[in-house]
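[1] Whatever this is, show me its structure:
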Amino acid sequence: DSTLPYLGKNHKIQLKMLDSLKENNKEVVKNSVVHKNELFLFNIHSGIQENQDLKNEIRRLYENWLYHKANIIFKEKVHKLSKVMGVKPNKVVVKNLKNRWASIAKNNEMNLNVNLVKAPPEIIDYIIIHELCHFKVKGHSYNFWDLLRSYSPDYPKFIKWLDINGKN
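    Residues are numbered from 1 along each chain as shown. The predicted model follows:
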């Protein structure tokens, strides 16, 4: 059985091949993905026959879905945590960062890696807190780690999780 990660858990994939539907005498089948009860249900037009095309379409739908969810979850978490910490990014941007989980741009924009939405919620919180601490202390000095510890006492556990699972 195939699975896809979301919020720290692997969720099963179910594929539903759909024939064309008629709506107002027009053929209508829009490939889509629905996530419910820890299951990803992919509705795919049965015209897609090639295995590679099917895999590519599932990947495309999943990635679009991840961006959508990441935007909602990350913005909500940044909003809550930045209130607690007394700092505020100008903007939260979700993108596919190649070699990092997050960054702060010069214009106080927070960039968060879309793949972070695959991690458990406490890891997402840690990364956001880490970045928000940089609004108060640039770099990774002792002052930075002391500040981080005050908001995330278990941070070494999260760093360890990221070291072990980050590549996946």
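
[2] Check whether Ile129 really touches Leu147, as I assumed.
    No - applying C-beta atoms under 8 Å as the test, Ile129 and Leu147 come out as separate, 9.5 Å apart. Bear in mind the C-beta positions are built from the backbone N, C-alpha and C, glycine included.

[3] out of those two, which sits in the more crowded spot?
    Ile129 (22 against 18; other C-beta atoms under 10 Å).

[4] Quick check: the gap between the more buried one and Pro89.
    Distance of Ile129 to Pro89, computed by C-beta to C-beta, to the nearest Å: 13 Å.

[5] cool, Ile73 as well?
    In this view, Ile73 and Pro89 are 15 Å apart by C-beta to C-beta.

[6] go on, Trp161?
    According to C-beta to C-beta, Trp161 and Pro89 sit 24 Å apart.

[7] same for the longest helix along the chain, what does it pack against?
    Scanning the chain for the helix with the most residues, using DSSP state H, yields helix 51-85. Applying 3 or more C-beta pairs under 8 Å, 6 or more residues apart in numbering; DSSP states H and E, one finds that helix 51-85 makes contact with strand 3-6, strand 32-36, strand 39-45, strand 91-95, strand 109-113, helix 121-133, helix 142-151.
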